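Participant: no sequence on this one, just coordinates:
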Ligand code: AMP
């Protein structure tokens with residue numbers, strides 16, 4: 001027997017219609033490059049998004065065509081978030097921090113037809129324009145000017161007639177947006193979001209046990225709109241009718257804190273590096289900013305250090321909400337909120353749980369696979385996390401070479417090595433290519449690195465696997481000492497000993513001047529593995545370097 005409910009399509013225009021109908025007077029604020037605030041209402045936003053849709057259609061953009069953006073977080077970018085998908089075209093957010101070679105590859109791979117670009121990004125476009133087939137470039141300019149051969153955004157909107165906008169019959173399964181993963185190995189891969197996934201993700205993000213977003217919130221997405229759609233926050237804000245504040249291009253701690261105070265921000269989100277800077281500024285000037293409206297800082301993208309969570313809480317009364325996700329998951333996967341049971345636990349246990357990556361959000365199913373199959377949820381056994389759900393990618397765009405990221409029974413292999421404890425909270429221990437597989441058991445390189453870096457003489461530490469005749473792989477720690485400090489390998493091992501099983505301790509510790517890093521400041525372990533490729537640890541633990 002069929003259900004007798006309407007076949008109502010879950011699409012982005014339906015979210016925008018709700019916002020303009022019920023929240024027309026709510027504000028959207030943008031910090032401009034010169035520091036001033038631009039403000040307008042949801043009514044203005046919806047009108048301009050529709051004008052953009054009409055203008056794009058007039059320029060020949062058809063359903064399914066990719067329209068790229070190369071922009072910071074601002075109201076015009078929000079107009080693109082809704083105006084492009086409203087005509088069935090696909091919003092493709094390009095990462096402004098990528099190398100021109102990667103941008104050329106991505107624009108060609110996605111076959112972008114048109115680009116919306118911030119004026120300040122024009123030099124970046126210059127570096128790859130001759131290698132791509134963009135038919136048109138529309139400049140969001142600060143002075144009303146656009147270079148010869150390009151269109152200016154305000155001119156384009158001015159010429160478009162809002163009344164020519166008609167709600168198209170969109171299928172909720174059709175593509176609305178796409179985003180390439182930065183991928184530390186191989187070529188970037190495209191993730192294509194359907195309208196349905198974006199709507200469902202907005203709903204599950206807003207739920208009380210996720211981020212509890214509602215109409216009275218003031219949402220400040222610091223995470224860039226080109227990084228997994230600013231974790232879906234612009235979409236969710238429009239769905240619930242929350243006031244939005246966009247930071248524009250300046251992301252230093254002082255500028256962010258000023259905006260949070262001035263606009264009475266209630267919830268903000270970004271990567272740990274941003275919040276480490278903010279915490280330092282607050283520690284230096286504890287009473288300089290009134291953040292009494294702020295109820296949560298969402299931290300994700302990489303692990304939120306315990307000291308960060310504790311520092312905000314204990315010294316400034318601010319709550320960090322630790323979350324894990326992936327571009328492939330639209331992107332929220334887990335949030336480290338405490339269940340009512342855990343809220344009764346001692347403070348240190350609560351902190352431990354808030355520092356884990358958390359419980360899956362609704363409709364994210366999880367399991368972890370080790371060398372011997374699916375691992376138990378005992379908080380000890382490590383395995384690669386696999387996920388499935390309505391907001392999880394089922395394939396990458398035109399990338400048959402990446403088919404092995406999806407299991408035969410329909411799960412996505414995240415590449416993250418986790419333990420899952422009995423309640424279902426996950427903890428990320430490593431990326432699958434970095435975990436050290438010693439005698440059939442797995443050693444977390446991240447855990448060893450964190451412990452090494454807590455030694456007062458150590459500035460940086462990276463741990464990599466080196467081949468071993470008996471155990472297959474053993475850990476090698478590569479350590480940079482703080483200036484003026486000395487410590488021996490044996491002293492470092494003694495520092496680790498109380499915290500780890502004996503077989504986890506690195507067999508060898510190499511002292512170096514510097515550890516190679518990626519463009520976003522992560523350790524470049526592939527370079528380290530290359531550097532130490534001749535390093536051998538013999539069966540009796542002797543080390544040698546046969547170069
Ligand atoms: P991206 O798709 O660029 O957002 O990167 C996703 C990857 O970032 C995940 O697979 C994790 O390896 C990492 N990641 C994201 N959030 C966290 C977190 N809270 N803790 C640890 N790693 C994280």
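Facilitator: All right, it came through fine. What you see is a predicted model; the values in this text were computed from it and never measured.
Participant: where's residue 73 relative to residue 30, distance?
Facilitator: Look at residue 73 and residue 30: by CB to CB, to the nearest Å, they are 8 Å apart. Just so you know, the C-beta spots here come from the backbone N, C-alpha and C atoms, and that holds for glycine as well.
Participant: who has more neighbours, those two?
Facilitator: residue 73 (26 against 23; other CB atoms under 10 Å).
Participant: for the more buried one, phi and psi?
Facilitator: Backbone geometry at residue 73, expressed as degrees, to the nearest 10, gives phi -90, psi 110.
Participant: list the residues that contact it.
Facilitator: Contact partners of residue 73, counting by CB atoms under 8 Å, 6 or more residues apart in numbering, are 30, 221-222, 224-225, 230, 246-248.
Participant: so can I have CSV of these showing pLDDT, secondary structure and distance to the ligand?
Facilitator: As requested, those are arranged in CSV below (pLDDT from 0 to 100; DSSP: H, G, I helix; E, B strand; the rest coil; distance: CB to the nearest ligand atom, whole Å):
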residue, pLDDT, secondary structure, distance to the ligand
30, 98, strand, 24
221, 98, strand, 14
222, 97, coil, 14
224, 95, coil, 11
225, 97, coil, 13
230, 97, helix, 11
246, 98, strand, 20
247, 97, coil, 19
248, 91, coil, 22
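Participant: want to try TSV for the residues you listed, with distance to residue 469 as columns?
Facilitator: Shown next, in TSV, are the contacts of residue 73 (distance: CB to CB, whole Å):
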residue	distance to residue 469
30	60
221	51
222	49
224	47
225	50
230	49
246	56
247	53
248	56
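Participant: of all those, which comes closest to residue 95?
Facilitator: residue 224 (7.6 Å; CB to CB).
Participant: was I right to think that closest one contacts residue 230?
Facilitator: Yes. Applying CB atoms under 8 Å, one finds residue 224 in contact with residue 230, separated by 6.4 Å.
Participant: which of these two has more residues huddled nearby?
Facilitator: Under the neighbour definition other CB under 10 Å, residue 224 and residue 230 were set side by side, and residue 230 has more, 26 against 23.
Participant: next, show the common contact partners of residue 73 and residue 30.
Facilitator: With CB under 8 Å, 6+ apart as the test, residue 73 and residue 30 both reach 246, 248.
Participant: how about the residues of this protein near the ligand?
Facilitator: Taking CB under 6 Å from any ligand atom, the part of the chain that reaches the ligand is made up of 181-182, 228, 300-303, 322-327, 331, 357, 414-416, 428, 431.
Participant: is the residue lying closest to residue 404 once chain neighbours are set aside in a helix, a strand, or coil?
Facilitator: Of all residues beyond its chain neighbours, the one nearest residue 404 is residue 413 (7.7 Å), with distances taken as CB to CB, 6 or more residues apart in numbering. Of the three states, residue 413 takes strand under DSSP: H, G, I helix; E, B strand; the rest coil.
Participant: same thing with residue 47?
Facilitator: Quick answer, by three-state DSSP: residue 47 is helix.
Participant: circling back: buried subset of the residues of the chain next to the ligand?
Facilitator: For these, a burial check counting by 16 or more other CB atoms under 10 Å picks out 181-182, 228, 300-301, 303, 322-327, 331, 357, 414-416, 428, 431.
Participant: any weak-confidence spans in the stretch 401-547 of the chain?
Facilitator: Across the stretch 401-547 of the chain, the ranges flagged by pLDDT under 70 are 519-521, 539-547.
Participant: what do you get for the chain?
Facilitator: For the chain, applying pLDDT under 70 flags the ranges 183-185, 519-521, 539-547.
Participant: residue closest to the middle of it?
Facilitator: residue 301 (4.4 Å; CA atoms, centre = their mean).
Participant: surely it meets residue 269?
Facilitator: No. Using CB under 8 Å, residue 301 is not in contact with residue 269, being 9.3 Å away.
Participant: quick one: common contacting residues for those two?
Facilitator: Counting by CB under 8 Å, 6+ apart, the residues touching both residue 301 and residue 269 are residue 223.
Participant: hmm, back to that, distance of the residue nearest to the residue nearest to the centre of the chain when sequence neighbours are not counted from residue 300?
Facilitator: Excluding the flanking residues, the one nearest residue 301 by CB to CB, 6+ apart is residue 271, at 3.8 Å. Counting by CB to CB, the gap from residue 271 to residue 300 is 7 Å.
Participant: can you check residue 354 too?
Facilitator: Relative to residue 300, residue 354 is positioned 13 Å away (CB to CB).
Participant: repeat for residue 172
Facilitator: 27 Å.
Participant: the strand or helix carrying residue 308 packs against which elements?
Facilitator: For residue 308, the element it lies in under DSSP states H and E is helix 306-316. Here helix 306-316 touches helix 272-284, strand 296-299, strand 320-325, helix 347-355, going by 3 or more CB pairs under 8 Å, 6 or more residues apart in numbering; DSSP states H and E.
Participant: ok, which of these comes nearest residue 339?
Facilitator: Here helix 347-355 is closest among those (CB to CB), at 8.9 Å.
Participant: quick one, that closest one and strand 320-325 angle?
Facilitator: Taking axes from the mean of the first three to the mean of the last three CA atoms, to 10 degrees, helix 347-355 and strand 320-325 form an angle of 40 degrees between their directions.
Participant: now the angle from helix 347-355 to helix 306-316?
Facilitator: 120 degrees.
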